[in-house]
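Participant: Fold the following.
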Amino acid sequence: MRPRRAGWWLALALVGGCDLDLIELPSRRPSLPTTPSMVPIPAPSPSPSPGPVVPPGTSVHLALGAPMDASPQDELLLVKPQYVVSYNRFRNNPNWVAWRLTASDIGTVGRTQRSFSPDPQLPPGVYRVYHRDYAGGGYDHGHLCPSGQRTATFEDNAATFLTTNIVPQRHAINAGAWASLEQWSVERAREGWDLFIVAGGLWDRACATDLSPAGNVVSEACPTVGRSPDPARRVAIPVATWKVIVMVPHGRGVDAVGPETQVVAVEMPNEAGSGRDWRRYVMTVDALEARTGYDFLTLLSRELQARIEAQPYQGN
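Facilitator: So this is what the prediction gives:
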């Protein structure tokens, strides 16, 4: 939980087109310390003009609120039927992806794609990451919203293979603890829970985004994958990936979130030897906020956040 903040600015690319509107989301903005994932950056000059306020209910995937940080200038918000992406056009990575998982999302379609595709929803001037950008880099195409949690329709599953939903992950974590937590989530959905999930990456300081006139790209010291000599066309490698999961009884919605609500928060290092047991990476939401610089569950009351964000998950 973090103090309430003033509005933050995002570019919103609506489903069905690439037209962008500058929007203002109700938010909270704390004075944040420098974190491994983000170094605060100056506001653009001149400041953007106010846009329309995004009304509640814009997406069910943001029913608990969008994660907020102190550096909104590096965020493009892409709203899709399957999930919502905050995309970092400097690191060529999603900052985070949010989605709701229910039993109805689990079907029989299976994996529809062998390769990953650039996202047509990105605006002109933003580099579109291709499957080949990962070639020879030693990293998997790591899903944030998993293929296995969008198997009801072909379209739903195909959407998970857009590169705006992908981060470079070591195979050990992608096929290990990360995959284990994904399967655990599917099992909870089948048991009758609705899961509100947000996942993202944690980057080294050298990968902090920059709005300087020098090129608006990450430092050349930032570890990346990609064969292009142009750093603007390379993909920054996170040092860890994180996830927050809030579970409510099916159909109850956000109103069912209370002091006893079960919340899972994890941070998994992006390295070999991580194992398959996701529980070894459990932490409190408060601790994850300190690590990432994000404020999670922003539409819940501060009192409720204080209760559920301070306790680590202790279930099975």
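Participant: Retrieve the pLDDT associated with Ala206.
Facilitator: pLDDT, Ala206: 86.
Participant: What of Gly293?
Facilitator: 93.
Participant: From Gly258, how far out is it?
Facilitator: According to C-beta to C-beta, to the nearest Å, Gly293 and Gly258 sit 27 Å apart. Heads up, the C-betas are built off the backbone N, CA and C, glycines and all.
Participant: Give me the more crowded residue out of these two.
Facilitator: Gly293 (23 against 11; other C-beta atoms under 10 Å).
Participant: how close does that one get to Asn174?
Facilitator: 24 Å.
Participant: Not counting its neighbours along the chain, what's nearest Ala287?
Facilitator: Excluding its sequence neighbours, the residue lying closest to Ala287 (C-beta to C-beta, 6 or more residues apart in numbering) is Ala265, at 7.4 Å.
Participant: Which parts of the stretch 51-200 of the chain are helices?
Facilitator: 154-159, 171-174, 177-190 (DSSP state H, counting those that start in this stretch).
Participant: do you know which of the ones you listed lies nearest Ile106?
Facilitator: Minimum separation from Ile106 across the helices of the stretch 51-200 of the chain (C-beta to C-beta) falls at helix 177-190, 6.0 Å.
Participant: For the closest one, buried residues please.
Facilitator: Using 16 or more other C-beta atoms under 10 Å as the test for burial, helix 177-190 gives Ala177, Trp178, Ala179, Leu181, Glu182, Trp184, Ser185, Val186, Arg188, Ala189.
Participant: Repeat that for stretch 267-281.
Facilitator: By neighbour count with 16+ other C-beta under 10 Å, stretch 267-281 contains the buried residues Glu267, Met268, Pro269, Asn270, Ser274, Trp278, Arg279, Tyr281.
Participant: quick one, what contacts the third one?
Facilitator: If I follow you right, that is Pro269. Counting by C-beta atoms under 8 Å, 6 or more residues apart in numbering, Pro269 touches Ile173, Val239, Ala240.
Participant: Let me know whether the second one touches Leu202 as I believe.
Facilitator: Yes: contact status for Val239 versus Leu202: in contact at 5.7 Å, counting by C-beta atoms under 8 Å.
Participant: Look at these two and report which has more neighbours.
Facilitator: Leu202 (22 against 17).
Participant: Can you redo the buried residues of helix 177-190 as CSV, where the extra columns are distance to His141 and pLDDT?
Facilitator: Shown next, in CSV, are these (distance: C-beta to C-beta, whole Å; pLDDT from 0 to 100):
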residue, distance to His141, pLDDT
Ala177, 17, 97
Trp178, 12, 98
Ala179, 13, 98
Leu181, 18, 98
Glu182, 14, 98
Trp184, 21, 98
Ser185, 19, 98
Val186, 20, 98
Arg188, 25, 97
Ala189, 23, 98
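Participant: from those, which is closest to Leu162?
Facilitator: Using C-beta to C-beta, the buried residues of helix 177-190 come closest to Leu162 at Glu182, 17.5 Å.
Participant: Could I get the contacting residues of that closest one?
Facilitator: Glu182 neighbours (C-beta under 8 Å, 6+ apart): Pro146, Gly148, Gln149.
Participant: Can I have the buried ones of these as a ChimeraX selection?
Facilitator: Buried subset of these, written as a ChimeraX selection, criterion 16+ other C-beta under 10 Å:
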select :146,148,149
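Participant: of the contacts of Glu182, closest to Arg233?
Facilitator: Distances from Arg233 to those, taken by C-beta to C-beta, are shortest for Pro146, at 26.6 Å.
Participant: distance of the closest residue to the closest one other than its chain neighbours from Phe161?
Facilitator: Counting by C-beta to C-beta, 6+ apart, Glu182 is the residue found nearest to Pro146 once chain neighbours are left out, at 4.6 Å. Glu182 is 15 Å from Phe161, where distance means C-beta to C-beta.
Participant: before we move on, what about Gly176?
Facilitator: Distance from Gly176 to Phe161, by C-beta to C-beta: 21 Å.
Participant: swap in Arg150?
Facilitator: Following C-beta to C-beta, the distance that separates Arg150 from Phe161 is 10 Å.
Participant: Counting neighbours, go ahead and name the busier of those two.
Facilitator: Taking neighbours as other C-beta under 10 Å, Arg150 and Phe161 compare with Arg150 leading, 27 against 20.
Participant: can you pull the contacts of that one?
Facilitator: So Arg150 contacts Gln82, Asp105, Asp156, Asn157, Ala159, Thr160 (C-beta under 8 Å, 6+ apart).
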